[in-house]
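Engineer: need a structure here:
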Amino acid sequence: MSLRELVKPTVKHSKPTRTLSSKQVKAMKKRGYDAEREIVSMMRSIGFDALRVPVSAPSNEPLPDVFAIKENTIIAFEIKCQTKYAYYKRDQVIKLLDFLSIHKIYPKRLAILAAKFKYKGWSFSIVDKPNSYTLKIGEGMAFKELEKQLKN
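Structural biologist: Okay, the predicted model is just below:
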């Protein structure tokens, strides 16, 4: 469900849904932007050139939230900031994989799902198939483990 649907639901659901105020939506977006900036900083700290792609509206273009490049490696990140679990839709994963397929010049291309859990830290998962994924607290890799994977 998108943030727009949470603010003004257009479809009636059989289950009760939560309606957010515009202030709550802004706070959610800010947490997401802050998490993206944090990933950029983390990747730069281990020698990658990293950029956040500021896309404010849903797009059909294959753009990741953040991408990073170092030598022969390019990484595309889809980032979520949640409290218990992060859900990545199949379409989001397809966009990451499409973005990487455009950059054939890099022999090592990685699609990474990143979740920042409030008070618990980060969790990462490298994916290579266009499916829907869920990351829960305690699943996936910590940043140190991801860093080791990137060195291989």
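
Engineer: quick check, residue 40 in a helix?
Structural biologist: Yes - membership of residue 40 in a helix is supported by DSSP: H, G, I helix; E, B strand; the rest coil.

Engineer: now for the residue lying closest to residue 131 once chain neighbours are set aside: which residues touch it?
Structural biologist: In space, and not counting its chain neighbours, residue 131 is closest to residue 90: 5.9 Å by Cβ to Cβ, 6 or more residues apart in numbering. For the C-beta atoms, the positions are set from N, CA and C on the backbone; glycine is no exception. By Cβ atoms under 8 Å, 6 or more residues apart in numbering, the contact set of residue 90 is 130-132.

Engineer: can you pick the most crowded of these?
Structural biologist: In terms of neighbour count, residue 130 stands highest of those at 15 neighbours, by other Cβ atoms under 10 Å.

Engineer: where in the chain is pLDDT low?
Structural biologist: Applying pLDDT under 70 to the chain flags residues 1-15, 56-58.

Engineer: mind doing that once more with 80?
Structural biologist: 1-18, 24-32, 55-60, 152 (pLDDT under 80).

Engineer: tell me where it has strands.
Structural biologist: Counting by DSSP state E, one finds strands in the chain at the ranges 49-52, 66-70, 73-82, 85-88, 108-117, 121-127, 133-136.

Engineer: just send those back as CSV, with distance to residue 20 and mean neighbour count too.
Structural biologist: Below are those laid out as CSV (distance: least, Cβ to Cβ, whole Å; neighbours: other Cβ atoms under 10 Å):
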stretch, distance to residue 20, mean neighbour count
strand 49-52, 24, 16
strand 66-70, 25, 20
strand 73-82, 15, 22
strand 85-88, 17, 18
strand 108-117, 19, 22
strand 121-127, 25, 18
strand 133-136, 22, 16
